[in-house]
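> give me coordinates for this.
(one chain, ligands or ions: 1)
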Amino acid sequence: MADISHELRTPIAALMATIDVALRKPRTSEQYRATLEECRAISKQLGQLVERIMTLASLDSGNDHTQNSFTDVTEVATGCVAVIRPLAAANSITVELLTDEALELETDAGKLREVLMNLLHNAVEYNKPGGTIELRVKRLPNTIVLEVRDTGIGMTDEVKDKIFERFYRADASRHSTGVHAGLGLAIVREYVSRLEATISVESEPGRGSLFRVTLPAPPLDVPAEEPADEPITTAS
Ligand code: ADP
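Numbering: from 1, shown residues only. All right, here's what the predicted structure looks like:
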């Protein structure tokens with residue numbers, strides 16, 4: 001509760017300050033418009049923070065149910081890249097998708113999309129201008145592996161150990177306005193466990209990070225729809 005209150009305080013204070021400045025003296029209609037737009041942007045971020053808190057609350061209370069369906073993992077990855085590419089381009093960051101085949105799996109597509117979007121958002125946020133992001137989807141004998149690699153600021157081993165904790169931010173001086181409250185990877189961790197997957201991180205300060213999500217998949221050498229063995233009959 002203390003962490004939540006602390007995170008909510010910053011955007012609310014920003015909203016109040018923006019309104020108070022506007023109210024100090026009469027303004028032109030353009031100035032009022034600019035203030036309203038600023039308030040709208042802050043409110044949007046506040047809404048996103050509340051959304052994330054509610055997601056975690058729902059996971060904690062057991063109200064969040066996994067909805068598995070036959071999913072093309074490559075298609076999910078392609079959709080995520082399409083969303084993230086314009087955001088990355090605004091920071092002169094290029095995004096590459098490395099996959100060549102449709103990889104189908106019985107899984108919760110919504111949760112998988114959320115995991116990838118969070119990792120890709122971070123790959124933009126903690127990258128450097130002119131950097132690159134690679135999303136690779138690979139089929140291994142018993143798993144499907146999704147890797148998000150960035151060429152950003154990276155992290156020390158000490159930071160790496162804490163990034164999945166709720167409200168943890170390596171750079172505490174980055175004041176949260178809602179979106180970066182240190183909840184993204186906490187949600188990723190919860191979703192990854194609901195998907196019965198695992199997540200690991202490799203990183204080096206100044207050189208970038210690699211987040212690897214490993215999803216269990218049916219063994220490659222046993223076809224999914226193998227016909228049942230027919231009893232061998234011999235003609236008499
Ligand atoms: P936030 O919403 O603050 O980004 P996250 O839970 O997504 O929170 O991440 C927690 C912290 O982990 C971040 O504040 C940042 O310090 C670190 N982090 C996450 N992803 C990366 C990355 N790709 N490169 C470097 N640091 C990262």
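> now the strands for the chain?
69-72, 94-98, 104-107, 132-140, 143-150, 198-204, 208-216 (DSSP state E).
> the last one and the ligand in contact?
Yes - applying Cβ under 6 Å from any ligand atom, one finds strand 208-216 touching the ligand at S209. Backbone N, C-alpha and C define where each C-beta goes, glycine included.
> save the strands of the chain as a markdown table, and put in distance to E165 too.
As requested, those are arranged in a markdown table below (distance: least, Cβ to Cβ, whole Å):
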| stretch | distance to E165 |
| --- | --- |
| strand 69-72 | 29 |
| strand 94-98 | 28 |
| strand 104-107 | 26 |
| strand 132-140 | 24 |
| strand 143-150 | 20 |
| strand 198-204 | 13 |
| strand 208-216 | 16 |
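> how about the residues of the protein by the ligand?
Of all the residues in the chain, those lying near the ligand are 122-123, 125-126, 150, 152-155, 163, 168-171, 180-186, 209, going by Cβ under 6 Å from any ligand atom.
> how does it look with 8 Å?
Proximity of the chain to the ligand, by Cβ under 8 Å from any ligand atom, involves residues 118-119, 121-123, 125-127, 148, 150, 152-155, 159, 162-164, 168-171, 174, 176, 179-188, 203, 208-209, 211.
> in helices, which of these appear?
When DSSP state H defines the helices, the subset of the residues of the chain next to the ligand inside them is N118, L119, H121, N122, A123, E125, V159, G184, L185, A186, I187, V188.
> in this structure the last one contacts R166, no?
No - checked against Cβ atoms under 8 Å, the pair V188 and R166 is beyond contact range at 11.5 Å.
> do you know how far the residue nearest to C80 when sequence neighbours are not counted is from L49?
Among residues not flanking C80 along the chain, L116 sits closest, at 4.4 Å (Cβ to Cβ, 6 or more residues apart in numbering). The span separating L116 from L49 equals 21 Å under the rule Cβ to Cβ, to the nearest Å.
> out of these two, which sits in the busier spot?
Neighbour comparison, L116 and L49: the larger count goes to L116, with 25 against 21 (by other Cβ atoms under 10 Å).
> distance of E106 from the ligand?
The spacing between E106 and the ligand, counted by Cβ to the nearest ligand atom, to the nearest Å, is 28 Å.
> check S43 too.
With distances defined as Cβ to the nearest ligand atom, the gap from S43 to the ligand amounts to 18 Å.
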